[in-house]
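A.B. asks: sequence-free structure coming up:
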């Protein structure tokens, strides 16, 4: 009787040990893959764009974005444009400003609210993305975006950048170069700008350059009246 | 030829009509295949006009599918015998148009092959996701309702079933209106008047479709529609048309009052080229004024005035939706209020849109599907209204 009990105890011990050995590395990898949720939640990636330094007619940020993300650079009505230069002119005063415009990575993104499948989503660090495997191509997010930030892939694609998967029949927009950020880099547009117009960083880190500058200069969010709290701010508007 | 009798001719005509509708559906399937292979580049849609002709057809069919059930509701919920005998036909038309509309909506997706994703991944904050539930639920509710009407033993359940359908279709049309109401930044949309507006236009368009089908069935079978029933249904349609015109007028008048909206209104109502033309001539004149004259002027009695008025109302409906959906997107987003704007992405410009053949075929395919379901249903099952004997 006691022999049988011992055998059972040993079996349970061995089984529990084997289970731990099997599961533990998986758990560890899961943690590595997902990062530490607490620290990620504290980060809010954002940009501060100094419109006074932005040169009208300069397209370096757009060219860099197209190259980084494998976009054709075409500007027909059906070509995707993740970032574009907008020239604006105050109707009453005549003051002219040039600025880059892209996904504003809202805290309360309407595209995420309206997406039927949850393909549009916001990461814990504030970056708004489209999951290309879930997007069914309904384009409701394009209707909902107040910034016209999103494009639909109207044609078959070739020669894609492996870091930036895209797909015909799905919607896409600026990813803030998430593949670079996750490796400690900067968005391609910010890096390419000779005048350092685009300042990228963690808005939630009080010691970061962007946070210090946002505290010290006047900056605005576009369509701030909509209360979407975009992560991209503009200086000199 | 002389040996053919009228019923035989009708039978042949039926198959000719089936073949014609089938051919349209086949053409639509070919269009969808081309869109799948080549992408939406072969449509007129682009990054500014993201919803085009397919949505005009789909939304018309879905709205009319909800509105046609008024006939059932008045019959089964409010106990009007003249409508009760027509309730099964209304139910069939509703299912047919819903199927047609959803087919178009689904096949216009960038990735129609992923429709299962829409069924398995549900974002509770998305009214689109809710509509998927509402549309499938509508099929179920109307099917059960038809069953209670057509199966004698279930007849006592027809009133509760009709009540469920009654509530469901209000929620469904509200959901369809809310798709546009929830668009915060677009001048044409983002207003709470849209759900009630959609409900009221659904009444008018649904009843118009019903009148056309009813007139065709009576003509086909050589029957005459009872004068009393005709008068009641005609007047009801008149009231619905006036009510929908009122809602559309209110929508534009409130917009005109807001300084920030006047530019949009002057685009849609005056300066926007095809859009004001379709609005004033297509919707207001042909889709409302003329039908109202046909409905209410007894002097016009010698025409087939009700089917003609109904066809005009349907035409007006398509015009209104074209102006609302495509014109609404053509007007640029006001990203920088107070500034004039230009860019390579057509910021600040009126969007261009030229509907292409494949997308029109897809839309017509939805109408073809609705026609096939209705025509086969009416021929195979007992959907022809039979007047109750007068007391």
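C.D. replies: Noted; the coordinates are in hand. As the structure is a computational prediction, the values presented were derived from the model and not from experiment. Numbering: from 1, shown residues only, chains lettered A, B, ... in the order given.

A.B. asks: How about chain A: which residue is closest to chain B?
C.D. replies: Per C-beta to the nearest C-beta, residue A:137 is where chain A lies closest to chain B, at 1.8 Å. Every residue, glycine included, has its C-beta placed from N, CA and C.

A.B. asks: how about that residue, secondary structure?
C.D. replies: Assigned with DSSP: H, G, I helix; E, B strand; the rest coil, residue A:137 falls in the coil class.

A.B. asks: For it, give me its contacts.
C.D. replies: A:152, A:169, A:170, A:171, B:109, B:110, B:111, B:114 (C-beta atoms under 8 Å, 6 or more residues apart in numbering or on different chains).

A.B. asks: same deal with residue B:322?
C.D. replies: B:56, B:275, B:278, B:282.

A.B. asks: can you tell me which of the residues you listed are in helices?
C.D. replies: If you go by DSSP state H, the contacts of residue B:322 have B:56, B:275 in helices.

A.B. asks: Could you tell me which of the contacts of residue A:137 belong to strands?
C.D. replies: A:152, A:171 (DSSP state E).

A.B. asks: number of nearby residues for residue 164?
C.D. replies: Using chain A. Neighbour count for residue A:164, taken as other C-beta atoms under 10 Å in any protein chain shown: 17.

A.B. asks: please go with chain B instead
C.D. replies: 16.

A.B. asks: Contact residues of the stretch 101-250 of chain B facing chain A?
C.D. replies: B:109-112, B:114-115, B:117-118, B:121-123, B:125-129, B:132, B:179, B:182-186, B:189 (C-beta under 8 Å from any C-beta of the partner chain).

A.B. asks: again, only using 6 Å
C.D. replies: Listed as neighbours of chain A in the stretch 101-250 of chain B under the rule C-beta under 6 Å from any C-beta of the partner chain: B:109-111, B:114, B:117-118, B:121, B:123, B:125-126, B:128-129, B:183-185.

A.B. asks: out of the residues you listed, who's nearest chain A?
C.D. replies: Closest approach to chain A among these (C-beta to the nearest C-beta): residue B:110, at 1.8 Å.

A.B. asks: per-residue pLDDT, the residue of chain A closest to chain B?
C.D. replies: We have a pLDDT of 96 for residue A:137.

A.B. asks: Low-confidence regions, the chain specifically.
C.D. replies: Since no chain was named, I'll use chain A. Applying pLDDT under 70 to chain A flags residues A:1-4, A:23-41.

A.B. asks: ah, no, chain B please
C.D. replies: Using pLDDT under 70, chain B drops low at B:1-4, B:300-303, B:388-391.

A.B. asks: what's the spacing between the most centrally placed residue in it and chain A?
C.D. replies: Among the residues of chain B, the one closest to the centroid is residue B:60, at 2.5 Å (C-alpha atoms, centre = their mean). In this view, residue B:60 and chain A are 18 Å apart by C-beta to the nearest C-beta, to the nearest Å.

A.B. asks: Now that residue: which helix or strand?
C.D. replies: Using DSSP states H and E, residue B:60 maps to helix B:53-67.

A.B. asks: packing partners for whichever helix or strand comes after that helix?
C.D. replies: Per DSSP H and E, helix B:53-67 leads on to helix B:70-72 as the next helix or strand towards the C-terminus. With contacts defined as 3 or more C-beta pairs under 6 Å, 6 or more residues apart in numbering or on different chains; DSSP states H and E, helix B:70-72 has these neighbours: helix B:87-107, helix B:194-220.

A.B. asks: circling back to that earlier point, just the ones of the residues of the stretch 101-250 of chain B next to chain A in helices?
C.D. replies: Using DSSP H, those in helices are B:117, B:118, B:128, B:129.

A.B. asks: With adjacent residues omitted, what lies nearest to residue 137?
C.D. replies: Went with chain A since none was named. residue B:110 (1.8 Å; C-beta to C-beta, 6 or more residues apart in numbering or on different chains).

A.B. asks: was after chain B, sorry
C.D. replies: Nearest to residue B:137 is residue B:168, by C-beta to C-beta, 6+ apart, at 6.3 Å.

A.B. asks: Could you do residue B:342 as well?
C.D. replies: Nearest residue to residue B:342 in three dimensions, chain neighbours excluded: residue A:87, at 5.2 Å (C-beta to C-beta, 6+ apart).

A.B. asks: So what does that neighbour have for phi and psi?
C.D. replies: phi -100, psi 120 (degrees, to the nearest 10).

A.B. asks: Please name the bridge partners of it.
C.D. replies: Following DSSP bridges, residue A:87 is listed with bridge partners residue A:98, residue B:342.

A.B. asks: Thought residue B:340 was touching it, still the case?
C.D. replies: No: under the criterion of C-beta atoms under 6 Å, residue A:87 is not in contact with residue B:340, lying 9.0 Å apart.

A.B. asks: Who has more neighbours out of these two?
C.D. replies: Between residue A:87 and residue B:340, residue A:87 has the larger neighbour count (other C-beta under 10 Å), namely 17 against 13.
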